[in-house]
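sequence unknown, structure follows:
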């Protein structure tokens, strides 16, 4: 079978990637409000006018960062493969990794975006879309663990509980630098197997 060769990224793609990387770091270090477009442009080596052509607003930069992170963190290829193979161990592992992923910088960025979502309607909309997407996929994982191809209300409820605890885990890691892996693994066990007696 012939190997597909991907063309190298264009200069525009490389420029946008650089802008997102610089903005991500600034949002983590300084926060969303203390980071202006001029500073992002200066540190990324891009003229302000060009930055505005690539990203008309800071919210557009956030949207691009969130979409990129969601694709990476969701790891839908692994979830879909586990569902297709009826691989309970793979589904469990996918859920465990979602609950206890350790990434201090992205945890801080998540909290910054969540705080901004509480006061900025555009960021709130982006955040809500991502939350819905994650909830749908987590519900699919719980349905798969139950041996079902159809997501039921109980799977959605488990997904909601899972996301509440996962967000708490993210806050704990970001604010207290605590390792949440063991607690995340235990949570998955309780949600899947029931509370131990």
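Thanks, I have it. All figures in this text were calculated on a predicted structure; none of them were measured in a lab.

isn't residue 131 right up against residue 163?
Yes: the pair residue 131 / residue 163 is scored as a contact, 7.2 Å apart, by C-beta atoms under 8 Å. C-betas here are computed from N, CA, C, even on glycine.

how about low-confidence regions in the protein?
1-4, 100-103, 195-197 (pLDDT under 70).

Nearest to the spatial middle of it, which residue is it?
residue 70 (3.8 Å; C-alpha atoms, centre = their mean).

what about residue 38, which helix or strand?
Per DSSP states H and E: residue 38 is located in helix 37-44.

could you say what helices and strands that helix packs with?
helix 11-30, helix 48-54, helix 58-74 (3 or more C-beta pairs under 8 Å, 6 or more residues apart in numbering; DSSP states H and E).

on that earlier part again, the residue nearest to the centre of the chain and residue 98, how far apart?
Plainly put, residue 70 is 12 Å away from residue 98 if you go by C-beta to C-beta, to the nearest Å.

same question, residue 128
18 Å.

what about those two, which has more around it?
Of the pair residue 128 and residue 98, residue 98 is the one with more neighbours under other C-beta atoms under 10 Å, namely 22 against 11.

Surely the more buried one and residue 135 touch.
No: at 11.5 Å, residue 98 does not count as touching residue 135 under the criterion of C-beta under 8 Å.

What is the neighbour count of residue 114?
16.

Give the closest residue to it in space, chain neighbours not counted.
residue 127 (6.7 Å; C-beta to C-beta, 6 or more residues apart in numbering).

which ones are touching that neighbour?
Neighbouring residues of residue 127 by C-beta atoms under 8 Å, 6 or more residues apart in numbering: 66, 113, 114, 117.

Among those residues, which are located in helices?
66, 113, 114, 117 (DSSP state H).

Neighbour-wise, give me the winner out of those residues.
residue 113 (21 neighbours).

Tell me how far that residue lies from residue 23.
Applying C-beta to C-beta to residue 113 and residue 23 gives a distance of 12 Å.

I'm done for today, thanks for sticking with me.
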